[in-house]
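K.L.:
Everything below, folded, please.
(2 chains)
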Amino acid sequence: MKLTATREEILGPVQNVIGVVERRQTMPVLSNVLLSAKDNRLSVTGTDLEVELVSEATLTVSAPGEVTVPGRKLLDILRAIPEGTNVTLTTEGERIVVRAGRSRFTLSTLPAAEFPLVEDIQAMQVLKLPQKAFRTLIDKTHFSMAQQDVRYYLNGLMLESEGGRVRAVATDGHRLAMCEAALNERVTGKQQVIVPRKGVLELHRMLGDGEGEVEFALGTNHVRCQIGDIRFTSKLIDGKFPEYSRVIPANANRIIDADRETLRQSLHRTAILSNEKYRGIRLSIKPNQLTLQAHNPEQEEAEDQIEVVYAGEEIEIGFNVTYLLEALSVIETSRVNIALTDSNSSCLVTAAEADGAKYVVMPMRL
Amino acid sequence: MPLVGRAILHVDMDAFYASVEQHDRPELRGLPVIVGGSGGRGVVAAASYEVRRFGVRSAMPVRRALALCPQAICVSPRMARYAEISAQVFEVFHAFTPLVQGLSLDEAFLDVTDSRMLHGAPELIARDIKRLIRERTGLGASVGVASNKLIAKIASDLDKPDGLTVVTSERVHAVLDPLPVRRLPGLGRKKGEQVAAAGIATLGDLRHADERQLRPLFGRDWQAWRDRAAGLDDRPVLPDRDEKSVSNERTFDEDLHSPEAMQAALAALADKVAARLRAQGLWASCIGIKVRRGDFTTLTRQRTLTPATCETGVIAATTRELLAGWLQEERPGAARGQQGRPAVRLLGVSATGLEDAAQEDLFAAADGARGTRLDSALDAIRDRFGGAAVSRASSLGRTRR
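P.N.:
Below you'll find the predicted structure:
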């Protein structure tokens, strides 16, 4: 294999895939990236066996070929070369030589055949939606995914498609975020997949704000989509996502209507003296008045009061303030509704004008 | 070389209960004294240094201790008196730092990092503490001084009684490496034997062992154990504020042999622990059981719960599974009663990882709050009519029904 390009032409695709190449790998080949050169195109692939990223670039290929090289080292070398320098990559026996100006680096390689690739994902359904809408789905839900929970099916984002819409749901068992988006084309049948956390975060990074359409293919074990120069493939979590609809409160008719920014700042202030571990905060609601209280193990106390629109009975309820703040930070309207049932039941947080997103937060006993 | 950075003391009173008895009753001084429950089934709570020479140890049955040292003098424990002396000892600690974490009546960690300006080097503080304890109570203490709790605890044990061991950072490996692995706090006797059987005899061996050797022994915690062998520990000294555990245990008049009887006794203990948690407004994130076999070997098993709980149903189910797990292991195992079945003389239930706030779970809540309502109903009945007014069927056992 031999190819020639400017530093930037090779650096770009390597940078695009390096996120999934972990430093410490159990399989040596996974710390490598696959370089595959032919027809004046270079494709660079990185994988951690869960998420696979392939990025392509056009450059001069004088001898086609495939080989894997240490990803981080190649990236560091390319970054350290002066901008605009011409770079040549040549395989020489079991090594690859990177030449740039008067610099020369010889890297070890592993055979391309050892590199695990996901072939056809056998798509059952293809979701077509604007890139921006897809990004919003993830924006508004990803923070509620569990991290390393024993309920492994919570460590990801559930996507459910039916008819003309797709719904994203994430929950860590304490709170839940749900958002819907319209599809450009209706789909037949109902599909439900759980994309693992790492894949979701990688996808979130890649998605832009454009109106351009993304085709998101759902397979039995994988999902795949092409965004610009990058092809994203992720394994799916093989498990049953909980029946999320039954935890969305149905009788939450005590509705607090608050100014989002005022509430956010008040929560933020009060949280300073909450227990650092549990972040518990007590809300006391009276007609048109919300009082927030927190205390920490040193028995230091914070109290704050804000005006709200509320006409129901007095109620007291405790929450992990982080969950409320995270929901408020992705609501875009100036006013927000918090709907309560009673002190022991979950609350429903929504934008005052429906935006397709719902946040459910379970209380804390304080 | 002075100790720089964190300075932690571990102070351990020497043969505390026995020393109090010898101090209060001068006629016992210099004699082999055993403090322990009287009668044939009692256990040694403390042994004076004179009687330790005969091989008598804490937690040993008094009967066996007397077989080893027939001339030993048995004294019944006077817990109120020990608590009184302990308060004087802790008062000494608090004169040097507010960061005092008591582990029991006779043992505490002190963080004296910021006490140096006022009270001098950690070693001087340790000497002053020993001197003041002796002046005020007439008792001896051993102190370990190091940069963290783990090393301080190991150090206090190196030069007992009346010891003072300072382990500066550069001496950590020199001091720890030659010690047998069982000196590592938290490593149970059984685990210690397994580790030693795997060819890891000393802390130095453990520190140099690799994942391949350690994972089968410690599972996913293997790195934590290797770090401990290297003397790494950044746990803070947590000043005493709250009760750190809620527990209840019961010694049986006759050893239990049937799993049903054990489970019933355990269910009753679990219920009591859960009720005490609820009464104090606490939730526990870790539930453990303690089993003492007929031959006095004692073991504990514990499990972390998410979310934390104070529900009898959840706590009882956890203890039931833990005991069932132990019974399963025990079946082909070593310690048996004469009947060839497991023999159990004591069972205990403990709740630790106590929290005064609990995050509710979305999915658990959706599955209904039946357990919680039953608990509050039973708590209310017992408040009015006493603990024996109502029992759960699970705590009665098959034979008594």
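
K.L.:
Okay, and the beta partners of A:Gln305?
P.N.:
Beta-bridge partners of A:Gln305, counted by DSSP bridges, are A:Thr291.

K.L.:
what about it, how many neighbours?
P.N.:
Look at A:Gln305: counted by other CB atoms under 10 Å in any protein chain shown, it has 14 neighbours. All C-beta spots, glycine's among them, are computed from the backbone N, C-alpha and C.

K.L.:
try A:Ala294
P.N.:
A:Ala294: 24 surrounding residues under other CB under 10 Å.

K.L.:
isn't it right next to A:Leu283, touching?
P.N.:
No: checked against CB atoms under 8 Å, the pair A:Ala294 and A:Leu283 is beyond contact range at 10.2 Å.

K.L.:
Find residues that contact each of those two.
P.N.:
The contact sets of A:Ala294 and A:Leu283 do not overlap (CB atoms under 8 Å, 6 or more residues apart in numbering or on different chains).

K.L.:
Give me the buried stretch members for the helix or strand where A:Thr106 lies, please.
P.N.:
Take DSSP states H and E as the rule and A:Thr106 turns out to sit in strand A:103-108. By 16 or more other CB atoms under 10 Å in any protein chain shown, the buried positions in strand A:103-108 come out as A:Phe105, A:Leu107.

K.L.:
For the lowest-mean-pLDDT helix or strand in chain B, what is the distance to the chain centroid?
P.N.:
Across the helices and strands of chain B, mean pLDDT, DSSP states H and E gives its lowest value to helix B:370-385, namely a mean of 73. The chain centroid and the centroid of helix B:370-385 are separated by 31 Å under CA atoms, centre = their mean, to the nearest Å.

K.L.:
what do you get for stretch B:177-185?
P.N.:
Between the centre of stretch B:177-185 and the centre of its chain there are 18 Å (CA atoms, centre = their mean).

K.L.:
Name whatever forms a beta bridge with B:Val100.
P.N.:
Counting by DSSP bridges, B:Val100 is bridged to B:Leu110.

K.L.:
Residues touching the strand holding A:Thr106, excluding its own?
P.N.:
By CB under 8 Å, 6+ apart, strand A:103-108 touches A:Val69, A:Pro70, A:Lys73, A:Leu74, A:Ile77, A:Ile81, A:Glu92, A:Glu94, A:Arg95, A:Ile96, A:Val97, A:Val98.

K.L.:
Need the max-distance pair from those residues.
P.N.:
A:Ile81 and A:Glu94 (23.3 Å; CB to CB).

K.L.:
Of those two, which one has the most company?
P.N.:
Neighbours per residue (other CB under 10 Å) separate A:Ile81 from A:Glu94, with A:Ile81 holding more: 20 against 10.

K.L.:
surely that one meets A:Leu75?
P.N.:
No: if you go by CB under 8 Å, A:Ile81 and A:Leu75 don't touch, sitting 11.1 Å apart.

K.L.:
Could you check how far B:Thr309 is from B:Leu277?
P.N.:
8 Å (CB to CB, to the nearest Å).

K.L.:
which residues do the two both contact?
P.N.:
With CB under 8 Å, 6+ apart as the test, B:Thr309 and B:Leu277 both reach B:Trp283, B:Ala284.

K.L.:
Just the closest of the contacts of strand A:103-108 to chain B, please.
P.N.:
Comparing the contacts of strand A:103-108 against chain B with CB to the nearest CB places A:Pro70 closest, at 22.5 Å.

K.L.:
in stretch A:197-209, what's buried?
P.N.:
Across stretch A:197-209, burial judged by 16+ other CB under 10 Å covers A:Arg197, A:Lys198, A:Gly199, A:Val200, A:Leu201, A:Glu202, A:Leu203, A:Met206, A:Leu207.

K.L.:
do the same with stretch A:16-34
P.N.:
Those would be A:Asn16, A:Val17, A:Ile18, A:Gly19, A:Val20, A:Val21, A:Val29, A:Leu30, A:Ser31, A:Asn32, A:Val33, A:Leu34, for stretch A:16-34 by 16+ other CB under 10 Å.

K.L.:
end to end, how far does it reach?
P.N.:
Using CA to CA, to the nearest Å, one end of stretch A:16-34 lies 13 Å from the other.

K.L.:
Show me the buried residues of stretch A:197-209 that map onto helices.
P.N.:
A:Arg197, A:Lys198, A:Gly199, A:Val200, A:Leu201, A:Glu202, A:Leu203, A:Met206 (DSSP state H).

K.L.:
and which of the contacts of strand A:103-108 is nearest to A:Glu8?
P.N.:
The shortest approach to A:Glu8 among the contacts of strand A:103-108 belongs to A:Ile81, at 10.0 Å (CB to CB).
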